[in-house]
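K.L.:
Let me see the structure of the following:
(chains A and B)
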Amino acid sequence: MTGKTPDEDDPALRARLDRLSDTLDRRRAEDAADKARREGGKVTSSAMSIGLRAMSEFVAAVMVGGFIGWRLDIWLATTPFLLILFLMIGAAAGFWGIYRIAARASRE
Amino acid sequence: MAAQGQALDPIHQFEIQRYIPIRIGGLDLSFTNASLWMLIVFGAVAALMLYGTSQRSIVPGRLQAAAEMAYEFVASTVRDTAGKEGMKFFPFVFSLFMFVFFSNLLGLIPGSFTVTSQIIVTFAFAALVIGIVIVYGFIKNGTHFLHLFVPSGVSPILMPFIVLIEVISFVSRPISLSVRLFANMLAGHITLKVFGGFVAMLLSAGAAAVIAPLPLLAIVVLTAFELLVAFLQAYVFAILTCVYLNDAIHPGH
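P.N.:
From the prediction side, this is the model:
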């Protein structure tokens, strides 16, 4: 009796231990799934925030470029060449801004 | 009919109403519904932070946990984006985040007024942020701050274009910052109101009243989405403030 560990010869105890480890495994799996879900939510929301930033960055840059070109055109009486030129520069600035956002996001 | 038309008008909720008209030297300084809701937002933020920090229990209660969470969240955002030096701007970023977040959130209560759906409010915030960036950038770095517009390692032929592009992208910052917040709030509230209008119209359209619950369900889903947007917009506003402040602290990167 004394030389043996108790779980080898006590079927009731062994059954209880098995049940306990089963419960533990299930709880651990649930915790992991919960954590994954929470991380997934974080990833989605940060991806959404990057998307929102990229969109408005581009639109604002084109708008600012167009506005500068429009005012310069009126001032220098060169309608419509500077408007076209600055719209393109604005678009380039917008793409540059998006590239910077994307570069920062992929570095993290 | 006129009253009903007004109830279904999705823009009506953004109208400024003067509660106490005040005129000083040609300036309209009336106390409006926007002023009232700014005070309510300020009161809510102050109440949360004052109560949340007054208990100081080791095991925080609900409000204390909320206050601590807000602090931790903004502090880690500032530290990750603008570095240790950026922490001197923490009070500014925290106030900005809490004000924007609470006005977005309180604006979702039916019948309330959304302060951040007024472009002049969001533009004032954006102008404040960019103003601080420019002033602090010049105080701290002097003319070295202008290196923000002159990236290193660009061939001299391309330089004028790059500088022009950098200037345009800098000027577009306050515009994108303010328009994004304002447009998201405006669009979200109009969408909710339009779907609410669908419910009312379908209910008074005879047999079509059967499908009236569909837009009602859509409102429930949209409200959950708007809660996410309310948080996300405040977060984006705060993180972009940190990104721009980072430019002022470390120009030329």
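K.L.:
The residue of chain B found nearest chain A: helix or strand, and which one exactly?
P.N.:
Nearest to chain A in chain B, going by Cβ to the nearest Cβ, is residue B:176, at a distance of 3.4 Å. Every residue, glycine included, has its C-beta placed from N, CA and C. According to DSSP states H and E, residue B:176 maps onto helix B:159-203.
K.L.:
how about the helix or strand that that helix is followed by, does it get close to chain A?
P.N.:
Following helix B:159-203 in sequence order, the next helix or strand is helix B:213-249 (DSSP H and E). Yes - using Cβ under 8 Å from any Cβ of the partner chain, helix B:213-249 reaches chain A at B:228, B:231-233, B:235-236, B:239-240.
K.L.:
need the contact list for residue B:16.
P.N.:
The contact partners of residue B:16, taken as Cβ atoms under 8 Å, 6 or more residues apart in numbering or on different chains, are B:32-34, B:118.
K.L.:
Using ChimeraX, define a selection of the buried residues within these.
P.N.:
To isolate the buried members of the contacts of residue B:16 in ChimeraX, using 16 or more other Cβ atoms under 10 Å in any protein chain shown:
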select /B:32,33,34,118
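K.L.:
restrict the contacts of residue B:16 to those near chain A?
P.N.:
When contact is defined as Cβ under 8 Å from any Cβ, those do not meet chain A at all.
K.L.:
Counting only helices, which of the contacts of residue B:16 make the cut?
P.N.:
Using DSSP state H, the subset of these located in helices is B:33-34.
K.L.:
Pick the one among the contacts of residue B:16 closest to residue A:86.
P.N.:
Ranked by distance to residue A:86 (Cβ to Cβ), these are led by residue B:118 at 29.1 Å.
K.L.:
what sits against the residue of chain A found nearest chain B?
P.N.:
Per Cβ to the nearest Cβ, residue A:60 is where chain A lies closest to chain B, at 3.4 Å. Shown in contact with residue A:60 (Cβ under 8 Å, 6+ apart): A:94, B:172-173, B:175-176, B:179.
K.L.:
now the helix or strand it falls within against helix B:213-249, angle please.
P.N.:
Using DSSP H and E, the element containing residue A:60 is helix A:11-76. Going by axes from the mean of the first three to the mean of the last three Cα atoms, to 10 degrees, helix A:11-76 is angled at 70 degrees with respect to helix B:213-249.
K.L.:
So for helix A:11-76, mean pLDDT?
P.N.:
Across helix A:11-76, pLDDT averages out at 86.
K.L.:
Please apply the same query to stretch B:226-236.
P.N.:
Here the average pLDDT along stretch B:226-236 is 93.
K.L.:
what does stretch B:125-141 give?
P.N.:
If you average the pLDDT over stretch B:125-141, you get 94.
K.L.:
Tell me the buried residues in that stretch?
P.N.:
Quick answer for stretch B:125-141 (16+ other Cβ under 10 Å): B:125-126, B:129-130, B:132-133, B:136-137, B:141.
K.L.:
do the same with stretch B:36-55
P.N.:
In stretch B:36-55, counting by 16+ other Cβ under 10 Å, buried: B:36-38, B:40-41, B:44-45, B:48-49, B:52.
K.L.:
Find the residue closest to the spatially most central residue of chain B in space, skipping its chain neighbours.
P.N.:
Central residue check for chain B by Cα atoms, centre = their mean: the C-alpha nearest the mean position is that of residue B:100, 4.2 Å away. Excluding its sequence neighbours, the residue lying closest to residue B:100 (Cβ to Cβ, 6 or more residues apart in numbering or on different chains) is residue B:234, at 4.3 Å.
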